[in-house]
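Peer 1: coords below, sequence missing:
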């Protein structure tokens with residue numbers, strides 16, 4: 001039986017090459033000394049990751065909490081007789097997570113690193129997080145196994161069950177496929193799996209009949225001429241800046257995110273057009289979890305940078321919006337963003 005006083009071995013999994021690389025960086029070839037130095041460095045890294053307090057109780061014993069998804073509170077209390085023993089427990093916990101993670105841990109690393117390297121936007125980062133929660137609930141079969149234990153058969157069964165049970169369309173399935181491809185490519189690069197996900201998807205056969213088909217009822221999805229007239233009349237009658245913004249969208253076909261990002265200089269009166277060249281995005285901050293609205297000085301895609309010809313009715317709407325704007329130096333629709341900033345306390 002392992003005693004609490006036993007030292008948690010970190011370097012037993014470390015290759016000589018990794019140790020030599022570590023030695024070169026420090027101009028030191030004393031492997032015995034390097035092992036000790038490397039182990040201490042890794043130990044400090046693991047301890048720094050711990051997200052709970054460590055304290056000594058009146059009985060002299062040391063206590064901390066360890067994350068545990070199976071616990072109703074999400075963490076469990078751990079008790080050891082010495083400070084070193086409680087630190088060993090923490091080190092072992094994070095070492096196990098690093099060397100033998102579950103799929104949710106691999107996903108989080110993959111998503112975090114792509115955001116850190118600027119490969120995706122914060123908006124996309126949030127979308128992938130939401131998609132993962134949707135497709136991989138805590139009771140899903142792939143989250144019950146260590147990542148390295150997941151087989152190609154497990155993957156195939158999971159994908160087909162998810163398509164069937166969640167009634168995925170082919171378009172929605174592409175989102176699931178993107179996550180699986182990315183997570184398993186990253187997992188293989190980290191040595192967590194031997195599965196070649198490119199080969200797997202190349203061999204995977206999915207019947208078209210397996211996908212749900214979204215039926216669009218034109219009577220409910222699209223306004224008819226009578227309904228459009230009624231909506232426009234209602235918006236003009238109320239005449240708030242938001243109403244006029246929606247009315248402008250009716251007249252020009254501009255998207256909501258583009259509408260919110262319009263600035264005065266985008267309105268080219270002499271050419272009777274609007275230059276669409278930026279867009280508003282919303283996302284949840286990865287650290288604070290606060291909902292953020294911001295304007296980006298570029299459109300959603302290259303094709304989004306365009307000039308929209310506007311009718312005389314749209315010019316009249318723009319004039320009305322400008323009269324209602326309480327912040328003249330802001331854009332026509334910027335008051336919407338200003339309201340959001342007031343709520344966040346940043347205005």
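Peer 2: Cool, the structure landed. Computed from a predicted model, the values in this text were never measured in an experiment. Numbers count the residues shown, from 1 in each chain.

Peer 1: pretty sure residue 196 is in contact with residue 187, am I right?
Peer 2: No: contact criterion CB atoms under 8 Å: residue 196 and residue 187 do not qualify, at 11.2 Å. The C-beta positions use only the backbone N, C-alpha and C, and glycine is treated the same way.

Peer 1: Would you enumerate the residues in contact with residue 191?
Peer 2: Going by CB atoms under 8 Å, 6 or more residues apart in numbering, residue 191 touches no other residue.

Peer 1: Strands of the stretch 151-300 of the chain, start to end?
Peer 2: 267-268, 273-276, 279-284, 291-296 (DSSP state E, counting those that start in this stretch).

Peer 1: who wins for proximity to residue 118 among the ones you listed?
Peer 2: strand 291-296 (13.8 Å; CB to CB).

Peer 1: Which residues belonging to whichever helix or strand comes after the closest one are considered buried?
Peer 2: As assigned by DSSP states H and E, the chain's next helix or strand after strand 291-296 is strand 306-309. Neighbour counts over strand 306-309 (16 or more other CB atoms under 10 Å) mark residue 308 as buried.

Peer 1: From the contact counts, what lies against strand 306-309?
Peer 2: In this structure, strand 306-309 packs against strand 273-276, with contacts taken as 3 or more CB pairs under 8 Å, 6 or more residues apart in numbering; DSSP states H and E.

Peer 1: Now do the strand it packs on, average pLDDT.
Peer 2: Mean pLDDT, strand 273-276: 85.

Peer 1: for it, the distance to its chain's centre please.
Peer 2: Taking CA atoms, centre = their mean, to the nearest Å, one finds strand 273-276 lying 32 Å from the centre of the chain it belongs to.

Peer 1: That one packs against which elements?
Peer 2: For strand 273-276, the packing partners by 3+ CB pairs under 8 Å, 6+ apart come out as strand 267-268, strand 306-309.

Peer 1: Present these as CSV; the columns should include distance to residue 291 and mean pLDDT.
Peer 2: CSV is the format used below for these (distance: least, CB to CB, whole Å; pLDDT from 0 to 100):
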stretch, distance to residue 291, mean pLDDT
strand 267-268, 29, 78
strand 306-309, 29, 85
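
Peer 1: on that earlier part again, which one of the strands of the stretch 151-300 of the chain lies nearest to residue 257?
Peer 2: The closest of these to residue 257 is strand 279-284. By CB to CB, the value is 4.3 Å.

Peer 1: contacts for that closest one?
Peer 2: Strand 279-284 is contacted from outside by 121-123, 125-126, 255-258, 260-261, 290-296, 298-300, 304, 337, using CB under 8 Å, 6+ apart.

Peer 1: do the same with stretch 46-65
Peer 2: 10, 66-67, 75-83, 85-87, 89-91, 94-95, 98.
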